[in-house]
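Q: A predicted structure for the sequence below; I have some questions about it.
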Amino acid sequence: MTDPQRECRRCRLADRRTQVVVGRGNPQATVMMVGEAPGRDEDRTGYGFQGAAGKIFDQVLEYLGLSRDTIWLANAVRCRPTDDGRKNRPPLPDEVIACRPWLMDDVRTVNPQVIVTFGRTAWESLTGGSWKDVTAGAPFPLAESRWAVALYHPAYLIYRRAFWPQYRDHLDRLAAFLREMGVSTDPASGPFLTMVR
Ligand code: URA
């Protein structure tokens, strides 16, 4: 059966995409994670969070004792935002709105207890709230006994090493909440984010 999401033409991003980068992972996951939008690598491979930001994302998962197989991973916008096919750009507000029903479909279908968002776009699309009111790493109640937790986008960390200790505090807060929620986390020992250059 064809997935209507893969045929989506609700916004202009359909014109330049190679494919729709749909959500993936464990369809019964307790934890869902939401990024912003695919870039060139994701558009090519069909997988979320590749490249430099993807390396940091994987380190975050490892730090939390989670993996791509235990969570559900999706993006707020599912087609690569680009004007010329060469450069990625941030998604425009109408593109985020057009894609929101797919995000909400995932939330309904996967039915996670905790939804972790990366960056402003994912937070605002999921919650309808404003990024400026966010406390990173802290649980925020959603409808239907769900919780949202905001984190900064991994791409923000790439050139900001000075921010990493603060990011680790956000992750520690999230890890404590996940334990409280009974999400089994098996934190990997070892230095955080050391593999990323
Ligand atoms: N790749 C994704 O899939 N999402 C992002 O937010 C960034 C890179």
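A: It's in.
Q: Give the burial count for the one residue in the chain that gets nearest to the ligand, as a bare number.
A: Nearest residue of the chain to the ligand: residue 35, at 2.9 Å (Cβ to the nearest ligand atom). For every residue, glycine as well, the C-beta is placed using N, CA and C. Around residue 35 there are 27 other residues, counting by other Cβ atoms under 10 Å.
Q: who does it bridge with?
A: residue 75 (DSSP bridges).
Q: Let me know whether it touches residue 118 as I believe.
A: Yes: at 5.0 Å, residue 35 and residue 118 qualify as touching, with contact defined as Cβ atoms under 8 Å.
Q: what sits in contact with each of those two?
A: 57, 153 (Cβ atoms under 8 Å, 6 or more residues apart in numbering).
Q: Setting aside sequence neighbours, what's the nearest residue to residue 10?
A: Sequence neighbours aside, residue 98 is the residue nearest to residue 10 in space, at 4.2 Å (criterion: Cβ to Cβ, 6 or more residues apart in numbering).
Q: Which residues are in contact with residue 25?
A: 68, 69, 70, 71, 72, 73.
Q: Adding distance to residue 49, neighbour count and secondary structure, write those residues out as TSV.
A: Shown next, in TSV, are those (distance: Cβ to Cβ, whole Å; neighbours: other Cβ atoms under 10 Å; DSSP: H, G, I helix; E, B strand; the rest coil):
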residue	distance to residue 49	neighbour count	secondary structure
68	9	17	coil
69	14	10	coil
70	15	19	coil
71	11	23	coil
72	13	24	strand
73	7	23	strand
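Q: Understood, closing this out.
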